[in-house]
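Enquirer: Curious how this folds, go ahead:
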Amino acid sequence: MNIFEILRNATDSKKGEEMSLYMRNQFPFLGIQTPIRKRLSRDFLKAKGKLNVDWDFVFECWEQPEREFQYLGADYLLKLKALLTPADIPNIRKLVVSKSWWDTVDCLDVLVGDIALRYNEVNETLLAWSIDDNFWLRRIAIDHQLTRREKTDTALLERIIVNNLGQTEFFINKAIGWALRDYSKTDPDWVRSFLERYAGKMATLSIREARKYL
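Expert: The predicted structure follows:
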């Protein structure tokens, strides 16, 4: 059996309905919870190899209707993230704008952030994403530096956030708050200064999240 058959054979319809409901019925689910999915796919991912990224496999995962297959594709990319380069950004972008929701987007965010940390030229792409019509791309631009701590490019962070002030989109305002909250653990004074300068243009949600650890 291939990995798609293995996961489909583990279908739990009742749990699938519950998982779909949790995700606001955005996608159908097989009903395979994360620990079980990881156990079922462990041998496959281990055997898949680490010499190059099989984008055909990833896109095949994204073509499947059930959400667990997108998680499988994301798990695979995370295992190979050290191999990803700026040349892979266009493929990641295709994933971001397809079957978009926070669960896959926040995983892809990690991949983009890792590439950008190793290749500074990706910053220009992220600045472009920060003003894109697709708010999921903007969300990735805002949050791609999460957990960087002292390696955070604060000038880039400020430019990207300022590009997204005055929004009504929940996922954007939440992302702004998260980015500032995360960096406040490293440089609270910088975040306080940012809030002093821009609070009048920020959503209440963003401010509340940003101030959580201040």
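Enquirer: CA atoms for contacts and neighbours, from now on please.
Expert: OK.
Enquirer: for this structure, what's the longest helix?
Expert: Longest among the helix segments of the chain by residue count, using DSSP state H, is helix 102-118.
Enquirer: mind listing the helices for this protein?
Expert: Taking DSSP H to define them, one finds helices in the chain at 3-8, 13-22, 34-47, 55-63, 67-79, 89-96, 102-118, 122-129, 135-143, 154-162, 170-184, 188-198, 204-210.
Enquirer: If I take the second one and helix 67-79, what angle do their directions form?
Expert: With axes from the mean of the first three to the mean of the last three Cα atoms, to 10 degrees as the basis, helix 13-22 and helix 67-79 are set at 70 degrees to each other.
Enquirer: Could I get the average pLDDT for helix 13-22?
Expert: Summarised as a single mean, pLDDT over helix 13-22 is 97.
Enquirer: Show me which residues of that helix are buried.
Expert: Residues of helix 13-22 classed as buried under the neighbour-count rule (16 or more other Cα atoms under 10 Å) are 16-17, 19-20.
Enquirer: Could you do the fourth one as well?
Expert: By neighbour count, with 16+ other Cα under 10 Å as the criterion, the buried positions of helix 55-63 are 58, 61-62.
Enquirer: same check, this time on the first one
Expert: For helix 3-8, burial by neighbour count (16+ other Cα under 10 Å) applies to residue 7.
Enquirer: could you say what helices and strands it packs with?
Expert: Contact analysis of helix 3-8 by 3 or more Cα pairs under 8 Å, 6 or more residues apart in numbering; DSSP states H and E lists helix 34-47 as its packing neighbours.
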